[in-house]
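S.K.: Give the three-dimensional model of this entry:
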Amino acid sequence: MHIEYDHENDLAYVSLVARIADGTAVRQFTLETPSGADLNLDFDEAGRLLGIEVVGARAGLPEELLRQASGPGE
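M.R.: Sure, this is the predicted structure:
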């Protein structure tokens, strides 16, 4: 599992696999959370969850987790 956080845009991405190749995530499901963050769940063709994008990450994730996350592209 790897977490990236874009502080400027308040977006986090939690990768559940080592690498998500281009075109692998073929389905996306969006959920609204009670905290106000939106979750975009990325699935492969077999229905396996690959990663989770958190829009409004400061509202939806613990601050400690965001501090430990790498920056975009790191």
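S.K.: now residue 14, what's its secondary structure?
M.R.: Residue 14 falls in the strand class when you classify it by DSSP: H, G, I helix; E, B strand; the rest coil.
S.K.: So in terms of bridging, what pairs with it?
M.R.: Taking DSSP bridges as the rule, residue 14 bridges to residue 3, residue 52.
S.K.: In stretch 49-56, which residues are buried?
M.R.: 50, 51, 52, 53, 54, 55, 56 (16 or more other C-beta atoms under 10 Å). The C-beta positions use only the backbone N, C-alpha and C, and glycine is treated the same way.
S.K.: cool, and stretch 62-74?
M.R.: So stretch 62-74, judged by 16+ other C-beta under 10 Å, has buried residues 66, 69.
S.K.: for that stretch, what is the average pLDDT?
M.R.: Averaged across stretch 62-74, pLDDT comes to 89.
S.K.: what residues does that stretch touch?
M.R.: 2, 3, 4, 5, 6, 7, 12, 57, 58 (C-beta atoms under 8 Å, 6 or more residues apart in numbering).
S.K.: Enumerate every residue touching the fourth one.
M.R.: To tie it back to what came earlier, the one meant is residue 5. Residue 5 neighbours (C-beta under 8 Å, 6+ apart): 11, 12, 57, 66, 69, 70, 71.
S.K.: In what element of secondary structure is it found?
M.R.: strand 2-6 (DSSP states H and E).
S.K.: Can you list the buried residues in that strand?
M.R.: Result for strand 2-6 [16+ other C-beta under 10 Å]: buried residues 3, 4, 5.
S.K.: cool, and stretch 21-29?
M.R.: Neighbour-count burial for stretch 21-29 [16+ other C-beta under 10 Å]: residue 25.
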